[in-house]
Each structure stands twice: as structure tokens, then as C-alpha cells.
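> Next come a sequence and a model predicted from it.
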Amino acid sequence: MKDNPHNMVEDLTRSITKTTPAYYLTVLVLGAFSALGLTAFIYQLAKGLGVTGMNNQVTWGVYITNFVFFIGISHAGTFVSAILRLTGAEWRRPFTRSAEAITLFSLPFGAGAILVDLGRFDRFANIFVYGRLESPLLWDTICLSAYLLSSTFFFYLCLLPDIAACRDKVDGGTFRKWLWTSLSLGWHGDKEQRRRLEKAISIMAIVLTLLVVTVHTVVSWVFSMTIRPGWHSTIIGPYFLVGAVFSGAAMLMIILAICRKVYGLERYLKPIHFEKLGKILLVMTLAWFYMTVAEYLTEFYGNLTEDMEILDLKFFGQFSLGFWAMVVCCFIVPLAILVWKKGRSIAGCVSASVVILIGMWLERFLVVVPTLAGSAQRGHYVGVYDPSWVEWSIAIGSFSAFFLLFVLFAKFFPIISAWELEEGEEAIELEVEAMKEFLPGDASGTES
Amino acid sequence: MCCCLEALIDTPGIGGAIAGAVIVTLVTCYGLTIWWIAKGRDK
């Protein structure tokens, strides 16, 4: 049965029009942790990188881990919105907006982690002034800039009809009315405008899919183009890509469950959506495990001294707790939950997702730090890395600010794409007709 | 490697020039696309 479009707009703009005490409390708590992160960052600017746990041996730590992690979860938006759109997966419609928002809000924190890691972020200009074409850092800068711009553009395109709907149908106060009117660019939704918008979105879906593969591969090449043991690996590009889809889907699952509960969106985010995303997580669990085994088994068989030292540090040494926790969190627990249909309930999927995100953060940490701690490059001693309160505060602040952006976004724009749901309802008959093409029947026009 | 390519790679600021060109191109394309969509009218 077709939903009354007005009720759908009313349901989906409830986050804009109704503000509860819980909202203020959430903003306060997230804002406080974000402020903690900012304070720690200012302290680090004043005192220098000596306030961190990084040292001459272990020059990258929590900040670069966060860089890779945030870039990884940004894959959620592209995967759901772009790739599922290209493959015609209609079940994606209720959560494309949330997925695109995850992409948009995580990228600044990913890129920002690099600036924090630099210590003096004015030195970022050096990549433009002195950057050499052979440098993976320059490739990274170019690809991330392109990805950020393209994701922002794609997000805006997909938001445009809903901005116009808010402008016309929602009483949001003077400022929000002005914002919606400015951003809607006079959108009136006639056939030609819709045709142009659909065309632009279709092209951008392809562009973003290509970009996301490029970005995650280039991020991985920052490591693999060195000849350090544990990094110099041909599989690292696909490994990072799989990890990105994995962590992105897990973050999306958590965000959707929270939105469903907090904004009363049970009608739109149904158990079947979580069940299907859960299947994707299950596939990615297996893919991640395959990549991990391929990576470590190859190193083990090579039996090179430097590689074996890194393996020893991970399997039995100072990083063993993190390593085995990673295996449990990224493979054993998600597999145990998601392999059963009952496990792919909302609660099961969210539990698996939380565990997966912890595991994936550990995985990023274990990519970055053990190789640097190894003695091979630095002459005969194994380094130690003990992150300081400054690094943990900035990390907590980054995650808090990421969630805070999401909460604030929901106050200005609908978090579910109303126009895509309406388009989906209009497309039901077309989908039924399309299905008939695949089933036995008249093959008119297809035989020679 | 040919000397032209080497000279190009060694040019100061070539990295920034390429990064800047990519950013400017994208901003221009996306801006024009938004304008094109906003101008759409049924005939």
C-alpha cells in the first residue's frame, strides 16, 4: 500500500521538528568529549609532539591508525549508495542518506588525523610546494581531496529533493527555512530537473566507485611502497579495501540501529534491512579472514628474518594481546553471530558490528605500529610505543565529534531519503515487470 | 627513463600543481553540474 507522501515527510522530519531533552544531553556529552579532544590538540600544538608516545623508532601510532580507520569507514556511503545503486539493490533506499553522511563526516577526521600527526600542520603546505610525483603521500593527498569533493557533491545531489521538500512542507524556524531555501537552488521537481538529477547521480555513482577503490588502494600504498617488513606486500591494496567495506558496513549498522530507536523509524528501517546488511557483514568477515591468512601465511613461508620478527611480535610478543583480540573481534565472534539467520536480527547484527569495529581499529593499529617497532630498520632493538593521554584524548574527541556531526545533521535534514523511498514505491510495478524478463516465458526480440 | 619525464618529475612544485589542477577541475565540473540541474525546466 502506498504511503501518504505527507505522512512520510512528517515521519522523516520528526528529527528536525521535535527536540527532546535526550537530544540536548547527547549534544552536551558528545560536545564535552569533542572539546576534550580539541584541548588535547591545542596542548600538543603548544608543547610539540613530545607529549605523545611516538618516538624516533615508532614514528606513527594512534593518529595514523585513526587516519586509516576513518578513511575505511567512509567506504560505507560509497558502497551502499553508489555500488548498491549501480547493482539495482532496491533494499538500500532507506539508508543511503545515513551511509552518505558517514562518508562525509568521517573523511575530515581521517584527513585531520594526518594534520594532527604532523605536529605543525602548517607543514602540510610542503606536500604542495615540495611534493614529488613518486611520493605515495602526494598520491594520497590528490586522491583524498578528489574523494572528499566528490562525496560532498554526491551527498548534496542526493539531498537536493529532500531539501526542497523541507523548504515547502516543514516548519523549521527562520534559520532553517533560509538554509533550505538557499540550498534547494529553486528545485521544483519537474520532469526535466529530475531527469538531469538522476543522470548526474548515476554518473557520480560510477565515479565514486572508481574513486573509493583508488583511495583505499593509495592509502595502503603509503605503507606497501616502503620496503619495511610487514608493509611491503602486494596484497595490501585489496586487504585495505576489504577492511574498508567491512568496517564501513559495521558502522552503518550501528548508526541505523541508533536512528531507528531514537527517531522512531521502525516503519522504515525494518529487520529485513539489517538481515541483508548482516549477510554483507558475514561475507566481509570471511573475505577479511581469507586476506589475513593469505598475508601472514605468505610471510611465514618466506621465513625472512625481519618478517619473522614482526610475526613474533604480533603472535607472541608485545602486540599479541591486540592481535588475538583482533582475530576474535573480526572473525570468530562475527562469524558465530552472523552465520545463523537468528543471529542476523537487529540486536545480533549490532552486537557483531560493535565487536567488528573494535577489531578493525586494532587491525589498523597492528598494521601501523609493529613494523615500526621491529628492529630491522633501526638497528638491533625493538621499539616500544605507549600512547599518551594526549593521543587517546584526541582519538576520543575525533570519534565524539564524528557522532556529534551526525546528531546535528539530523536536526537540519531528514536522515532517511524521502524522495528515494517515494521513487522506490513508484518503481514497484517496473520491478515486477523486470523480474518477468528473468523468468521463463516469451523470448521475443532476444532470439536470432 | 626519458630526460623529459625526469625533468618533469624534478620540477619544483609539480606535485602541488597537479593536486591543484585536480581540485580546480573537480570544483568547476561539480559547480557546472549543479547549475545545469538547477536550470532544468520542462519544455
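Arrived safely, thanks for sending.

> Spell out which residues of chain A are next to chain B.
Applying C-beta under 8 Å from any C-beta of the partner chain, one finds that chain A approaches chain B through A:127-135, A:138, A:141-142, A:145-146, A:149-150, A:153, A:156-157, A:160, A:185-187, A:190-193, A:195-197, A:200. Quick note: C-beta positions are derived from backbone N, CA and C, even for glycine.

> mind listing the helices for the stretch 201-350 of chain A?
Using DSSP state H, counting those that start in this stretch, the helices found in the stretch 201-350 of chain A span residues A:236-262, A:271-302, A:305-315, A:320-327, A:333-338, A:346-373.

> What confidence value was assigned to the residue lying closest to A:P238 once chain neighbours are set aside?
Nearest non-adjacent residue to A:P238, counting by C-beta to C-beta, 6 or more residues apart in numbering or on different chains: A:M291, 6.6 Å away. Per-residue confidence (pLDDT) for A:M291: 94.

> try A:S375
74.

> about what we covered before: would you turn the helices of the stretch 201-350 of chain A into CSV with mean neighbour count?
Converted to CSV, the helices of the stretch 201-350 of chain A look like this (neighbours: other C-beta atoms under 10 Å in any protein chain shown):
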stretch, mean neighbour count
helix A:236-262, 23
helix A:271-302, 17
helix A:305-315, 18
helix A:320-327, 16
helix A:333-338, 22
helix A:346-373, 23
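
> can you put those in JSON lines and add distance to A:N55?
Shown next, in JSON lines, are those (distance: least, C-beta to C-beta, whole Å):
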{"stretch": "helix A:236-262", "distance to A:N55": "25"}
{"stretch": "helix A:271-302", "distance to A:N55": "25"}
{"stretch": "helix A:305-315", "distance to A:N55": "16"}
{"stretch": "helix A:320-327", "distance to A:N55": "19"}
{"stretch": "helix A:333-338", "distance to A:N55": "34"}
{"stretch": "helix A:346-373", "distance to A:N55": "10"}
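
> any chance you could map the strands in chain A?
Applying DSSP state E to chain A gives no strands.

> which residues does the residue nearest the centre of chain A contact?
Of all residues in chain A, the one closest to the mean position by C-alpha atoms, centre = their mean is A:I73, 2.0 Å from it. Applying C-beta atoms under 8 Å, 6 or more residues apart in numbering or on different chains to A:I73 gives the contacts A:I102, A:S106, A:A244, A:S247, A:G248, A:M251.

> again, only using 6 Å
Listed by C-beta atoms under 6 Å, 6 or more residues apart in numbering or on different chains, the contact partners of A:I73 are A:S106, A:S247, A:G248, A:M251.

> Give me the pLDDT for the second one.
Right, A:S247. Reported pLDDT for A:S247: 94.

> Hmm, A:T13 is touching A:D171, no?
No - at 9.5 Å, A:T13 and A:D171 do not qualify as touching, with contact defined as C-beta atoms under 6 Å.

> These two: which is more packed in?
Taking neighbours as other C-beta atoms under 10 Å in any protein chain shown, A:T13 and A:D171 compare with A:T13 leading, 24 against 10.

> OK, contacts around that one?
Counting by C-beta under 6 Å, 6+ apart, A:T13 makes contact with A:V170, A:P414.

> do that again at 8 Å, thanks
Contacts of A:T13 (C-beta under 8 Å, 6+ apart): A:C166, A:K169, A:V170, A:P414.

> just the buried members of the residues you listed?
Among these, those buried by neighbour count (16 or more other C-beta atoms under 10 Å in any protein chain shown) are A:C166, A:V170, A:P414.

> By pLDDT, rank these and give me the bottom one.
Scoring the buried ones among the contacts of A:T13 by pLDDT puts A:V170 last, at 86.

> Quick check: the gap between the residue lying closest to that residue once chain neighbours are set aside and A:F412.
Closest residue to A:V170 apart from its sequence neighbours, by C-beta to C-beta, 6+ apart: A:T13 at 5.0 Å. Remark: distance between A:T13 and A:F412 (C-beta to C-beta, to the nearest Å) = 10 Å.

> you'd agree A:L338 is up against A:L281?
Yes - between A:L338 and A:L281 a contact is recorded at 5.7 Å, counting by C-beta atoms under 8 Å.

> residue ranges with poor pLDDT in chain B?
B:1-2, B:42-43 (pLDDT under 70).

> got the residues of it near chain A?
B:8-9, B:12-16, B:18-20, B:22-23, B:26-27, B:30, B:33-34, B:36-38, B:40-43.

> filter the residues you listed to the buried ones?
Among those, the ones that count as buried by 16+ other C-beta under 10 Å are B:14-16, B:18-19, B:22-23, B:26, B:30, B:33-34, B:37-38, B:40.

> Return the subset of those residues lying in helices.
Secondary structure from DSSP state H places B:14-16, B:18-19, B:22-23, B:26, B:30, B:33-34, B:37-38 of those in helices.

> could you redo those as JSON lines and give each row distance to A:Y63?
Output for those, formatted as JSON lines (distance: C-beta to C-beta, whole Å):
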{"residue": "B:I14", "distance to A:Y63": "28"}
{"residue": "B:G15", "distance to A:Y63": "22"}
{"residue": "B:G16", "distance to A:Y63": "23"}
{"residue": "B:I18", "distance to A:Y63": "26"}
{"residue": "B:A19", "distance to A:Y63": "22"}
{"residue": "B:V22", "distance to A:Y63": "25"}
{"residue": "B:I23", "distance to A:Y63": "24"}
{"residue": "B:L26", "distance to A:Y63": "27"}
{"residue": "B:Y30", "distance to A:Y63": "30"}
{"residue": "B:T33", "distance to A:Y63": "35"}
{"residue": "B:I34", "distance to A:Y63": "35"}
{"residue": "B:I37", "distance to A:Y63": "39"}
{"residue": "B:A38", "distance to A:Y63": "40"}
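
> Out of the helices of the stretch 201-350 of chain A, flag the one nearest A:T39.
Closest to A:T39 of the helices of the stretch 201-350 of chain A is helix A:346-373 (C-beta to C-beta; 22.5 Å).

> returning to what we had before: how about the residue nearest to A:P238, what does it touch?
A:I235, A:P238, A:Y239, A:V242, A:G243.

> Give the single residue among those positioned nearest to chain B.
A:P238 (24.5 Å; C-beta to the nearest C-beta).

> With A:M8 as the reference, measure out to that closest one.
From A:P238 across to A:M8, the span is 40 Å (C-beta to C-beta).

> what's the answer for A:T17, then?
A:T17 is 14 Å from A:M8, by C-beta to C-beta.

> Which of the two has more residues huddled nearby?
Per other C-beta under 10 Å, whichever of A:T17 and A:M8 has more neighbours is A:M8, with 21 against 14.

> Max pairwise distance over the buried ones among the residues of chain B next to chain A: which two?
Maximum pairwise distance among these (C-beta to C-beta): 39.6 Å, between B:I14 and B:G40.

> dump the residue contacts of the nearest residue to A:E266 once chain neighbours are set aside.
Closest residue to A:E266 apart from its sequence neighbours, by C-beta to C-beta, 6+ apart: A:R260 at 6.1 Å. The neighbours of A:R260, taking C-beta under 8 Å, 6+ apart as the test, are A:E266, A:Y268, A:L269, A:I346.

> Next, the first one: phi, psi?
It stands for A:E266. Dihedral pair for A:E266: phi -60, psi -30, per degrees, to the nearest 10.
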